[in-house]
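Asker: A structural model of the following input is requested.
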Amino acid sequence: MIQGTAPGPVSVRPWLSMYPPGIPAEIDVASQRTLVDILRLSTTECAARPAIRCFGKSITYAELGASADAIAAWLVAEGFGKGDRIAVMMPNVPAYPAAIYGILLAGCVVVNVNPLYTPRELTVQINDSGARALFVLENFAHTVASAGADIDLGRIVVAGPGDGLGLKGRIVDLVSRHIKKAVPPYRLPEGKTLRFETVLRRGRSLPKASVSVGPQDLAFLQYTGGTTGAAKAAMLTHANVVANVAQCRVWFCVSETDGVDRVMVTALPLYHIFALTGCFFLFMSIGGCCLLIPNPRDVDGFVKTLKGNRFTHFSGVNTLFNLLNNHPKIAEVDFSRIHFVIAGGMAVQAPVAARWKAITGKSIVEGYGLSETSPVVCVNDPRADWTGTIGFPVPSTDVAIRDAEGRDVLPGEPGELCVRGPQVMAGYWKRPDETARATTGDGYFRTGDVAILQADGQVRIVDRMKDMILVSGFNVYPNEVEEILVGHPGVLECAVIGTPCEETGEMVVAHVVLKDSSVGVEALRTYARQQLTGYKVPRRVVFHDALPKTNVGKVLRRALRDASPRP
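Answerer: Residues are numbered from 1 along each chain as shown. The predicted model follows:
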């Protein structure tokens, strides 16, 4: 188990002397409780404040708490008990916050599922987690139907885009068009499937769930991966996530009294750990409001929403900032109330940061984290200009930069970034060997990223030790894509790499050796698209007579990367 390890002595943490004024070296970990406590406190003290805003409508803390209680009561009545895994497959719609908080109130564990997953990807995640039920937005229910008997779910709850807002009929149709995802035909098992509003109605007539939830109980199975491409879940406890919320609160100097009229633009999907902690739970903890953006890819609609709403905080990834920078109407958006703009998920490029500052007058505050760290490890000073680094380790966090033998390197020298602190996961779900490989003898989590600790105490990411590809902040694992492509009857062998891309940070490139020369690029991309979600599908396919290999036959991905043209 990794979680719960205390950071090292203050004397070995040189970044502390460079902390912004007023930032403590430690948070009071012992006083932190659970995510359930965060909801209870906010629904009591901020009942009338808006917690969620979406599609021009608001949900108050009292309303969110009531919906969460109803879902929790229904789950308990249906026989779901403490520790049971419940999957949620939704974009940023109002049903999502109610669903995950209902699951947590019932003592169950949330399994976040990307709604764009294919039936194969969904099946892998459901079966690995052992999820017993699933909440899914109806626009993606056809994926669940296609998985069919390959997944064993006791209950399937189907939500509409406007559920929780009281939207009916024609307005719901407008909401679906806003998401830009029509509802394909689907057929789910009648005896297992209910509508979200039915669950709420039944739950409201039941006694409140009375489940004891403690800091060390699991809250999330947050799926990530590795160079093997095998799906694996970071086990995040309530203590992990709550500690990270507390770290973010002290770093950004926000408290319960700051929540009035504070609105976080939440365009990144809440099933991604960055938005989940850095937007949703952080703002829940101060009684603030999350402005949910269901489909940020609809940039016209996104900008229109920004123009029609007052907001004080903004989060995003490089890809999103770049899209907004290039929108013809972005200058019409009022950014004057912004307190800070936070970026994570992928490196922010210097031209993007500079143009954003020129348009909005606000600097991007870049940070770094992983699913395994709940996620925040390092963040820049929120009052400083963009630096190109990932900033300083947050309070109660220790980092070490180590060589291949596990020895600390000197400041300014590259090595593997290793992390220790209360936000570090309890381990990988059902994978003790993976947990052991990712953990050092003295309790650090090995990130697999190469970094440098600068003289000024900031950390700079140099490269990744893994072959993982980062597309718009989402991980793509080469082995998974390669396995799909070699299943095509016309492919002899292939290697997948990432290359720089101005639009998405990196793009997936497949280097392929054919055994049927009649197979073309689009045939392979279509084949991949049937089994992989969109960002994993190779954008470029390069054909070869042979692939570079070691003398034992291992394909040299680095040689392919080195030979690839740069934009």
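
Asker: give me the contacts around the longest helix along the chain.
Answerer: In the chain, with assignment by DSSP state H, the single longest helix is helix 61-77. Outside of helix 61-77, the residues within contact range by C-beta atoms under 8 Å, 6 or more residues apart in numbering are 39-40, 42-43, 46-52, 59, 86, 97-99, 101-103, 105-106, 108, 133, 164, 199-204, 206-209, 211, 287. Yep, even glycine has a C-beta here, placed from its N, CA and C like the rest.

Asker: list buried residues within the residues you listed.
Answerer: 39, 42-43, 46-47, 49-52, 59, 86, 97-99, 101-103, 105-106, 108, 133, 164, 199-200, 202-203, 209, 211, 287 (16 or more other C-beta atoms under 10 Å).

Asker: distance of Asn479 relative to Thr123?
Answerer: In this structure, Asn479 and Thr123 are 18 Å apart, going by C-beta to C-beta, to the nearest Å.

Asker: neighbour count winner among those two?
Answerer: Set side by side, Asn479 and Thr123 show more neighbours around Thr123, with 19 against 16, by other C-beta atoms under 10 Å.

Asker: before we move on, back to that, buried residues, the longest helix of the chain. List them.
Answerer: Of the residues in helix 61-77, those buried (16+ other C-beta under 10 Å) are 61-76.

Asker: which members of the contacts of helix 61-77 occur in strands, if any?
Answerer: Using DSSP state E, the members of the contacts of helix 61-77 that fall within strands are Pro50, Ala51, Ile52, Ile59, Ile86, Ala133.

Asker: pLDDT weak spots in the stretch 451-567 of the chain?
Answerer: Scanning the stretch 451-567 of the chain for pLDDT under 70 picks out 463, 550-554, 565-567.

Asker: actually the chain, sorry about that
Answerer: 1-12, 166-181, 225-230, 257, 463, 550-554, 565-567.

Asker: so which residue is dead centre in it?
Answerer: The centroid of the chain falls nearest to His272 when counting by C-alpha atoms, centre = their mean (1.5 Å).

Asker: distance of that residue from Ala30?
Answerer: His272 is 29 Å from Ala30, where distance means C-beta to C-beta.

Asker: inside helices: which ones of the buried ones among the contacts of helix 61-77?
Answerer: Filtering the buried ones among the contacts of helix 61-77 for helices - DSSP H - leaves 39, 42-43, 97-99, 101-103, 105, 199-200, 202-203.

Asker: farthest-separated two in those?
Answerer: Ser42 and Arg202 (25.0 Å; C-beta to C-beta).

Asker: report the contact partners of Val36.
Answerer: Applying C-beta under 8 Å, 6+ apart, one finds that Val36 lies in contact with Leu104, Leu105, Val213, His238.

Asker: what helix or strand is it on?
Answerer: helix 35-45 (DSSP states H and E).

Asker: do a quick rundown of the strands in the stretch 201-350 of the chain.
Answerer: 218-224, 232-237, 263-266, 289-292, 313-316, 340-343 (DSSP state E, counting those that start in this stretch).

Asker: put together a markdown table for those, with mean neighbour count and distance to Cys248 on each row.
Answerer: A markdown table is the format used below for these (neighbours: other C-beta atoms under 10 Å; distance: least, C-beta to C-beta, whole Å):
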| stretch | mean neighbour count | distance to Cys248 |
| --- | --- | --- |
| strand 218-224 | 24 | 16 |
| strand 232-237 | 26 | 15 |
| strand 263-266 | 24 | 12 |
| strand 289-292 | 27 | 14 |
| strand 313-316 | 26 | 11 |
| strand 340-343 | 23 | 9 |
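
Asker: of all the ones you listed, which one is nearest Ile390?
Answerer: Here strand 340-343 is closest among the strands of the stretch 201-350 of the chain (C-beta to C-beta), at 10.1 Å.

Asker: other SSEs contacting the next helix or strand after that closest one?
Answerer: Remark: after strand 340-343, the chain's next helix or strand is helix 350-360, criterion DSSP H and E. In terms of contacts (3 or more C-beta pairs under 8 Å, 6 or more residues apart in numbering; DSSP states H and E), helix 350-360 is packed against helix 318-325, strand 364-369.

Asker: buried sites along stretch 506-523?
Answerer: Within stretch 506-523, judged by 16+ other C-beta under 10 Å, the buried ones are Glu506, Met507, Val508, Val509, Ala510, His511, Val512, Leu514, Val519.

Asker: ok, so of the buried residues of helix 61-77, who is nearest Ser255?
Answerer: Lowest distance from Ser255 to the buried residues of helix 61-77 (C-beta to C-beta) belongs to Tyr61, with 16.4 Å.

Asker: quick one on the thing from earlier: point out the most buried one among the helices and strands packed on helix 350-360.
Answerer: strand 364-369 (a mean of 24; mean count of other C-beta atoms under 10 Å).

Asker: show the subsequent helix or strand relative to that one.
Answerer: Assigned by DSSP H and E, the successor of strand 364-369 is strand 376-379.

Asker: partners of that next one, with directions?
Answerer: Next to strand 376-379 in the sheet, as set by DSSP bridges, lie strand 364-369 (antiparallel), strand 392-393 (antiparallel).

Asker: now the ones you listed as CSV including distance to Pro24?
Answerer: Shown next, in CSV, are the strands paired with strand 376-379 (distance: least, C-beta to C-beta, whole Å):
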stretch, distance to Pro24
strand 364-369, 18
strand 392-393, 13
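
Asker: Arg529: which of the ones you listed is closest?
Answerer: Once the strands paired with strand 376-379 are compared by C-beta to C-beta, strand 364-369 is nearest, at 30.0 Å.

Asker: show me the chain divided up by domain.
Answerer: 1-31+238-466, 35-213, 469-563 (automatic domain parsing).

Asker: who wins for proximity to Ala231 among the ones you listed?
Answerer: Shortest distance between Ala231 and the domains of the chain, using C-beta to C-beta, is found for domain 35-213: 5.1 Å.

Asker: ok now the closest one, how far from the chain's centre?
Answerer: 17 Å (C-alpha atoms, centre = their mean, to the nearest Å).

Asker: what about that domain, start to end distance?
Answerer: Terminal residues of domain 35-213 are spaced 9 Å apart (C-alpha to C-alpha, to the nearest Å).

Asker: list the buried residues of the helix or strand where Glu493 lies.
Answerer: Using DSSP H and E, Glu493 maps to strand 491-501. Within strand 491-501, the residues that count as buried by 16+ other C-beta under 10 Å are Val491, Glu493, Cys494, Ala495, Val496, Ile497, Gly498, Thr499, Cys501.

Asker: how about these, which pair is most distant?
Answerer: Pairwise distances across the buried residues of strand 491-501 peak at 24.4 Å for Glu493 and Cys501 (criterion: C-beta to C-beta).

Asker: doesn't Val481 make contact with Val508?
Answerer: Yes: the pair Val508 / Val481 is scored as a contact, 6.4 Å apart, by C-beta atoms under 8 Å.

Asker: mind listing the shared neighbours of these two?
Answerer: Val496, Lys536, Pro538.

Asker: switch these over to JSON lines; also include distance to Glu332.
Answerer: As requested, those are exported to JSON lines (distance: C-beta to C-beta, whole Å):
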{"residue": "Val496", "distance to Glu332": "41"}
{"residue": "Lys536", "distance to Glu332": "35"}
{"residue": "Pro538", "distance to Glu332": "37"}
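
Asker: for the buried residues of strand 491-501, which one is nearest Gly160?
Answerer: Nearest member of the buried residues of strand 491-501 to Gly160, counting by C-beta to C-beta, is Cys501, at 35.1 Å.

Asker: for the residue lying closest to that closest one once chain neighbours are set aside, what are its contacts?
Answerer: Counting by C-beta to C-beta, 6 or more residues apart in numbering, the nearest residue to Cys501 once its immediate chain neighbours are dropped is Met507, at 3.9 Å. Residues in contact with Met507 (C-beta under 8 Å, 6+ apart) are Ile469, Val471, Gly498, Thr499, Cys501, Arg539, Arg540.

Asker: closest one to Ala426 out of these, please.
Answerer: Looking across the contacts of Met507 and measuring by C-beta to C-beta, the closest to Ala426 is Ile469, at 27.3 Å.

Asker: isn't Ala528 up against Val541?
Answerer: No: contact criterion C-beta under 8 Å: Ala528 and Val541 do not qualify, at 9.2 Å.
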